[in-house]
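# Predicted model and sequence follow; I will ask about them next.
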Amino acid sequence: MPELPEVETVRIGLASLLPGRIIKDVWHDWPKSFPNSPSDVARFLLRAKITHVRRRGKVLIIELSSGYSLVIHLKMTGQLVFVGKAAEPRAKSSKTGAGEKFGGGHPSDSLLRNLPDKSTRAVIDFTDGSKLFFNDQRKFGWMRLLPTSQIPEIDFFKKIGPEPLDDDFTVQEFIDVLKTRKNSAIKAVLLDQSVLAGVGNIYADESLFAAKIHPSSPVNTISPTKLVKLYNELRAILKLAIEKGGSTDRNYVDAKGKKGSYLNFAKVFRQQGQPCPRCGTRIIKIRVAGRGTHLCPRCQKAPKGLK
DNA sequence: CACTTGACCTGTCCGC
DNA sequence: TGCGGACAGGTCAAGT
């Protein structure tokens, strides 16, 4: 599921593939996937050149020379897959068909399939013949054109909390933002995008396990020592996940169609019934904040008022 | 006002 | 094998 590390992995891929390309045509199947009017599309998207690819929380921002940006949320099953030749054909070692198809040399876990397919919601054609596919099985994701200069002023972006991996995001700031929700379960707070940007179910469970905090614990019952631990573990886990190309449960792939391997390193997520890597107790799955939640009942003691 | 639950969707898996 | 239903989870609207 695209959380911060997955979206960042897509961003890194797109940032290496898209800038400089010029949009020739756009197709989309579903108004909700891409609700801009045809006239706005014609004025601000067609013939525009891509200048930058940015990320804020779980949202991708593809900046265009028209002064507009294509803003994209992948939600749970969204993919942005680029098909075409990579910009610099420096390494000329392509011998496999897959390498050619996905723009230059891919490991065997590439998304080897033909696009578009039935999950394809939108296709952007570039003047050089390459294409960007927006696939979304469950149709929760969206993309829309917004004036670049106004993006920071839009409600959706104004509400997003600090980026946990920013260099100047301190442990004190982390504790301060958590304390704005002192009576809520810590997991619900971590998932709240207005408190902290980019954390979703996988990394909430993993970081709470690493810090030995029960996900149902109200924030104000957690010791400062443990909150510091949580800050450090969360950042380390997010960074490691980006290194591993994110987590692929079933759908997620990066801009080149490649799956992420972080779930191979997950200690509790989807590990119910398996022994805890620290103490051997069986990992359990419960519901917290309306989400499937994985934890070690021994390492992560429930707060007194039960779960 | 703080907090929780349901709706949005489709594909998959599980039990009968 | 087929079928119904629970489940998956990011976010917002609606509920308590």
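Structure's in. What do you need?

# all contacts plus neighbour counts: C-alpha atoms, from now on.
Will do.

# what residues does stretch A:217-224 touch?
By C-alpha atoms under 8 Å, 6 or more residues apart in numbering, the list of residues contacting stretch A:217-224 from outside reads A:178-179, A:181-187, A:213, A:302-303, A:307.

# touching DNA strand B at all, it?
No: using C-alpha under 7 Å from any atom of the strand, we find that stretch A:217-224 stays clear of DNA strand B, coming within 8.3 Å at best.

# May I have that stretch as PDB, with CA atoms only?
Output in PDB follows, covering the C-alpha atoms of stretch A:217-224 (Å, rounded to 0.1, in the frame of the first residue of the first chain):
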ATOM      1  CA  SER A 217      -2.000   3.100  24.200                       C
ATOM      2  CA  PRO A 218      -3.300   6.700  24.600                       C
ATOM      3  CA  VAL A 219      -0.500   9.100  23.800                       C
ATOM      4  CA  ASN A 220      -0.400  10.600  27.300                       C
ATOM      5  CA  THR A 221       0.200   7.100  28.900                       C
ATOM      6  CA  ILE A 222       3.400   6.600  27.000                       C
ATOM      7  CA  SER A 223       6.700   7.600  28.700                       C
ATOM      8  CA  PRO A 224       8.900  10.200  27.100                       C
END
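
# For that stretch, buried residues please.
Within stretch A:217-224, the residues scored as buried using 16 or more other C-alpha atoms under 10 Å are A:S217, A:P218, A:V219, A:N220.

# go on, stretch A:149-166?
A:I151, A:I160, A:G161, A:P162, A:E163, A:P164, A:L165.

# Can you show me the CA trace of it as CSV?
What follows is stretch A:149-166 as a C-alpha-only set of coordinates in CSV (Å, rounded to 0.1, in the frame of the first residue of the first chain):
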residue,chain,number,x,y,z
SER,A,149,1.7,28.3,-6.9
GLN,A,150,-1.6,27.7,-5.2
ILE,A,151,-0.9,24.1,-4.0
PRO,A,152,0.4,25.1,-0.6
GLU,A,153,-2.8,27.2,0.0
ILE,A,154,-5.2,24.4,-0.8
ASP,A,155,-6.9,23.0,2.3
PHE,A,156,-5.8,19.4,1.6
PHE,A,157,-2.1,20.4,1.7
LYS,A,158,-2.4,23.0,4.5
LYS,A,159,-3.7,20.3,6.8
ILE,A,160,-0.9,17.8,6.2
GLY,A,161,1.5,17.5,9.2
PRO,A,162,5.3,17.7,9.2
GLU,A,163,7.4,15.3,7.1
PRO,A,164,9.0,12.8,9.5
LEU,A,165,12.2,12.5,7.4
ASP,A,166,12.9,16.2,7.1
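
# hmm, back to that, just the buried subset of the contacts of stretch A:217-224, please.
A:L178, A:K179, A:R181, A:K182, A:S184, A:A185, A:I186, A:K187, A:I213.

# of these, list those near DNA strand B.
A:R181, A:K182, A:S184, A:A185.

# Mind putting the residues you listed into JSON lines with secondary structure, pLDDT and distance to A:T9?
Formatted as JSON lines, these follow (DSSP: H, G, I helix; E, B strand; the rest coil; pLDDT from 0 to 100; distance: C-alpha to C-alpha, whole Å):
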{"residue": "A:R181", "secondary structure": "helix", "pLDDT": "88", "distance to A:T9": "30"}
{"residue": "A:K182", "secondary structure": "coil", "pLDDT": "85", "distance to A:T9": "32"}
{"residue": "A:S184", "secondary structure": "coil", "pLDDT": "89", "distance to A:T9": "31"}
{"residue": "A:A185", "secondary structure": "strand", "pLDDT": "90", "distance to A:T9": "29"}
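
# Looking at the residues you listed, which is nearest DNA strand C?
A:S184 (12.6 Å; C-alpha to the nearest atom of the strand).

# So chain A: which segments form each domain?
Following automatic domain parsing, one gets these domains for chain A: A:4-158, A:171-295.
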